[in-house]
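Participant: take a look and give me a structure for this.
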Amino acid sequence: MHPAAVRYREELERLDRWFEDTAKRHPGVIPCRAGCSACCHGPFDISAADTLLLREGLATLEPVAREQVRIRAEQLLVRMREQAPEWGPPWDLATLGEERFDGIVESLADVPCPLLDDRGACRLYAWRPLVCRLIGLPMMTAEGELLENACPIQEQFPDYALLDPQLFDLGALQDAEIRCNEEAAIELFGSREQAGFETTIAAVIAALPPVG
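Facilitator: Numbering: from 1, shown residues only. You can find the predicted model right below:
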């Protein structure tokens, strides 16, 4: 694995441990589990570091699974390009603009992530982007900022919906993310000036060559 991807995943795993520790302190309250894909729908933005890590994960898939996710990703990209025909490689969301991308996200909010298998489980869970790891718990940052739980089905679980915000040093993670984005941009584009690059999971997957 590329050293920048290794460092980034280590940082993301701090967030995983925070989630796991919270689940242990509140047994039976948090419904998140393998196969629950309520928050795994619609396109969303991912960073340069997410892109590099996801590419590493895609390389671990068996050929059949890799081809399945590639086809699903291409199908999602076709639907996105129906609303933005000029959008193309390197699939930089900055070329769409925030308002236009938000409209695409809203219109495709029900489309499953291409990485989901037939059981609704993520095929690359250990390589999933930062945003995927932030959903599922309300967070109180070290600076006192509240990030509400974005789980779309939390109202079905009263104790879960009422769970107090959990403290996490998000600022430290964001500082590390900046460094990782710079390293990833050098690997992906040959320049740290592209550290602010953002794209989608489908775009990263669709760049894969067809199997066979």
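Participant: now Q166, what are its backbone angles?
Facilitator: With angles defined as degrees, to the nearest 10, Q166 sits at phi -100, psi 130.
Participant: give me the element the closest residue to it other than its chain neighbours is part of.
Facilitator: In space, and not counting its chain neighbours, Q166 is closest to T22: 5.0 Å by C-beta to C-beta, 6 or more residues apart in numbering. From N, CA and C alone the C-beta is placed, and that goes for glycine too. Using DSSP states H and E, T22 maps to helix 3-25.
Participant: enumerate the positions of that helix that are buried.
Facilitator: Burial within helix 3-25, assessed by neighbour count using 16 or more other C-beta atoms under 10 Å, is assigned to A4, A5, R7, Y8, R9, E11, L12, L15, W18, F19, T22, A23.
Participant: just checking, A184 touches L52?
Facilitator: Yes: applying C-beta atoms under 8 Å, one finds A184 in contact with L52, separated by 4.1 Å.
Participant: who touches both of those two?
Facilitator: The contact sets of A184 and L52 overlap at A4, A5, Y8 (C-beta atoms under 8 Å, 6 or more residues apart in numbering).
Participant: show me the contacts for the last one.
Facilitator: So that's Y8. A49, D50, L52, L53, A176, E177, C180, A184.
Participant: let me know the next secondary structure element after the helix holding T22.
Facilitator: Past helix 3-25, further along toward the C-terminus, the next helix or strand under DSSP H and E is strand 46-47.
Participant: so how far is that next one off the chain centroid?
Facilitator: Taking C-alpha atoms, centre = their mean, to the nearest Å, one finds strand 46-47 lying 7 Å from the centre of the chain it belongs to.
Participant: strand partners of that strand, parallel vs antiparallel please.
Facilitator: strand 198-199 (antiparallel) (DSSP bridges).
Participant: gap between the strand it pairs with and the chain center?
Facilitator: With C-alpha atoms, centre = their mean, you get 11 Å for strand 198-199.
Participant: swap in stretch 61-76?
Facilitator: Going by C-alpha atoms, centre = their mean, where stretch 61-76 is centred and where its chain is centred differ by 17 Å.
Participant: which pLDDT value belongs to the residue most central in space within the chain?
Facilitator: Nearest to the mean C-alpha position of the chain, by C-alpha atoms, centre = their mean, lies P129 at 3.2 Å. Looking at P129, its pLDDT stands at 97.
Participant: check T141 too.
Facilitator: At T141, the pLDDT recorded in the model is 97.
Participant: skip the chain neighbours and tell me the closest residue to it.
Facilitator: Here the residue nearest T141, using C-beta to C-beta, 6+ apart, is L170, at 4.4 Å.
Participant: list the contacts for the one you found?
Facilitator: Taking C-beta under 8 Å, 6+ apart, we find L170 in contact with M139, T141, A142, E145, L147.
Participant: any idea how far it is from L130?
Facilitator: 10 Å (C-beta to C-beta, to the nearest Å).
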